[in-house]
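Q: Below are the sequence and a predicted model; questions follow.
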Amino acid sequence: MAKVAVIRGDGIGQEVVPEAEQTIQAAARAAGFPIEFTQFDWGSERYLREGRAMPEDGCETLRKFDAIFHGAVGGHPRIKGPVVQEHIILGIRFGLDLYANIRPCRLYHESLTPLKNKKAGEIDHVVFRENTEGLFVNVGGFFKQGTKDEVALQEEIHTYKGVERVIRAAFLFARRHKRRKVTMADKASGLRYAGGIWRRVFEEVRAEFKDVESEAKHIDAVAMELVQHPQAFDVMVTNNMYGDILSDITSGLVGGLGLAPSANLNMETTCFFEPVHGTAPDIAGRGIANPMAAILTGALMLDHLGCLKGGEAIRRAVEEAIGAGERTADLGGKLDTRACGEAVRKRLRV
């Protein structure tokens, strides 16, 4: 039996994750794949009670599971700054060394894209974002803070090991899934050192994958061309900050964050699955949040756990529900969170 740790978290995480859980269980059951969920109350309320959003030994607890399923954390009005996100999201990513953040974006219906004449399936991207280095290591500090002479420093960290393994993961994914091309996005022309190591390592790794078409482009060109010619891209790999931005662009091309799943992977440890969206405090508690990103994240988790039929059944059911107009308001529909989850579940077929 696959054992999954569940952290519903804060805000709409408390609303969308239950819909995802029910959908995952239904798909797994139909595929004959036993799965068990264990709930953890980690998040803002725990932080307010105990001073930590998750226990200091939280990562050791999570290693005992086959996967981690997470909703969203942060946004509490009584908590200043991103401390809860740092404890849980960054704490798990860094604590378990989950170096590859994978964000697939597929157009499920032509009405969801702002671009003209794009049909379902014609936009289909997978972004590999380096997940444990770059600007998000938070190396830096303030000098003369609070004065008009204040200086803020934020340093990037890029290692050969970190860059090589995420680029290699992107190529292996492309080969395994018969994807068309790998594009590496950097800024080697202006950032001599950070861009330089990414460009050199990419050239080294791509030489081992001559069967996979590949290219290196500057990040600003990739951002522009994604909007102009999205079909020219397939698998993309880049650093932590650029990947965060590029994956939001690709999400915007296919319907927004309500359809954006993600996986944080290192095949040598327990992996972490979460929708890309945040806690959305402006709509939390109203029962109108879109659960499809969480549900699609569940499909990624089932794929990872080896229940491929269950993952595919979920994606097919989501596409059929969207095609039938059974959507939440952010996608032009009228359903609430629970009804949207039910619309997907009634279409599950394995």
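A: Right, received. Where do you want to start?
Q: how far away is Gly51 from Trp42?
A: From Gly51 across to Trp42, the span is 13 Å (C-beta to C-beta, to the nearest Å). C-beta here means a position set from N, CA and C on the backbone, and glycine is covered the same way.
Q: okay, the two: which has more neighbours?
A: Trp42 (26 against 9; other C-beta atoms under 10 Å).
Q: Make sure I have this right: that one is in a strand.
A: No. Note on Trp42: no strand contains this position according to DSSP: H, G, I helix; E, B strand; the rest coil, which reports coil.
Q: Provide the secondary structure category for the closest residue to it other than its chain neighbours.
A: Residue nearest to Trp42 in three dimensions, not counting chain neighbours: Met54, with 4.1 Å by C-beta to C-beta, 6 or more residues apart in numbering. Of the three states, Met54 takes coil under three-state DSSP.
Q: Tell me if I'm right that Met54 and Ile89 touch.
A: No. Counting by C-beta atoms under 8 Å, Met54 does not reach Ile89; the two are 10.1 Å apart.
Q: which of the two has more neighbours?
A: Legend: neighbour count by other C-beta under 10 Å for Met54 and Ile89, higher for Met54 (24 against 21).
Q: ok, that one - contacts?
A: Ile7, Phe40, Trp42, Arg46, His87, Ile88, Gly91 (C-beta atoms under 8 Å, 6 or more residues apart in numbering).
Q: average model confidence for the strand ranked longest in the chain?
A: Longest strand in the chain, counting residues (DSSP state E): strand 134-143. Strand 134-143 carries an average pLDDT of 94.
Q: got a list of contacts for that strand?
A: Looking at strand 134-143 with C-beta under 8 Å, 6+ apart, the contacting residues turn out to be 90, 150-158, 239-241.
Q: Same question for stretch 266-280: list its buried residues.
A: Asn266, Thr270, Cys271, Phe272, Phe273, Glu274, Pro275, Val276, His277, Gly278, Thr279, Ala280 (16 or more other C-beta atoms under 10 Å).
Q: Could you save those as CSV and add columns showing pLDDT and distance to Gly146?
A: Below are the buried residues of stretch 266-280 laid out as CSV (pLDDT from 0 to 100; distance: C-beta to C-beta, whole Å):
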residue, pLDDT, distance to Gly146
Asn266, 97, 40
Thr270, 98, 41
Cys271, 98, 41
Phe272, 98, 36
Phe273, 98, 40
Glu274, 98, 35
Pro275, 98, 37
Val276, 96, 34
His277, 96, 33
Gly278, 96, 28
Thr279, 98, 29
Ala280, 97, 32
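Q: ok, Met184 - contacts?
A: Met184 touches Ile167, Ala170, Trp198, Arg199, Phe202, Ser214, Glu215, Ala216, Lys217, Met236, Val237, Thr238, counting by C-beta under 8 Å, 6+ apart.
Q: Please settle this for me: is the third one part of a helix?
A: Yes. Assessed by three-state DSSP, Trp198 belongs to a helix.
Q: neighbours of it, just the number please.
A: Neighbours of Trp198 using other C-beta under 10 Å come to 26.
Q: ok, it touching Asn239?
A: Yes. With contacts counted by C-beta under 8 Å, Trp198 reaches Asn239, the gap being 6.7 Å.
Q: which residues are common contacts for those two?
A: Contact criterion C-beta under 8 Å, 6+ apart; residues shared by Trp198 and Asn239: His158, Val163, Asp186.
Q: Grab the nearest non-local neighbour of the residue positioned nearest the centre of the chain.
A: Per C-alpha atoms, centre = their mean, the C-alpha nearest to the average position across the chain is that of Ser262, at 2.4 Å. Distance criterion C-beta to C-beta, 6+ apart; nearest residue to Ser262, sequence neighbours excluded, is Arg103 at 4.7 Å.
Q: List the residues that contact the one you found.
A: For Arg103, the contact set (C-beta under 8 Å, 6+ apart) comprises Val126, Val127, Arg129, Gly243, Ser247, Thr250, Ser251, Ala260, Pro261, Ser262, Val276.
Q: Can you give me the domain assignment for the protein?
A: 1-98+266-350, 105-250 (automatic domain parsing).
Q: pretty sure the residue nearest to the centre of the chain is in a helix, no?
A: No. Using three-state DSSP, the assignment for Ser262 is strand, not a helix.
Q: Let me see the contact set for it.
A: Neighbours of Ser262 in contact, by C-beta under 8 Å, 6+ apart: Asn101, Ile102, Arg103, Ser247, Phe273, Glu274, Pro275, Val276, Thr297, Leu300.
Q: Okay, the second one and Glu15: tell me how far apart.
A: Taking C-beta to C-beta as the criterion, Ile102 is separated from Glu15 by 25 Å.
Q: and the closest residue to Arg168 other than its chain neighbours, what pLDDT?
A: For Arg168, ignoring the flanking residues on the chain, the nearest one in space by C-beta to C-beta, 6+ apart is Val205 at 5.4 Å. Looking at Val205, its pLDDT is 98.
Q: Which strand or helix spans Val205?
A: According to DSSP states H and E, Val205 maps onto helix 194-206.
Q: what residues does that helix touch?
A: Counting contacts by C-beta under 8 Å, 6+ apart, the residues outside helix 194-206 that touch it are 156, 158, 160, 163-164, 167-168, 171, 182, 184, 186-189, 212, 214, 216, 238-239.
Q: next one: it to chain centre, how far?
A: Here helix 194-206 is found 24 Å from its chain centre; the criterion is C-alpha atoms, centre = their mean, to the nearest Å.
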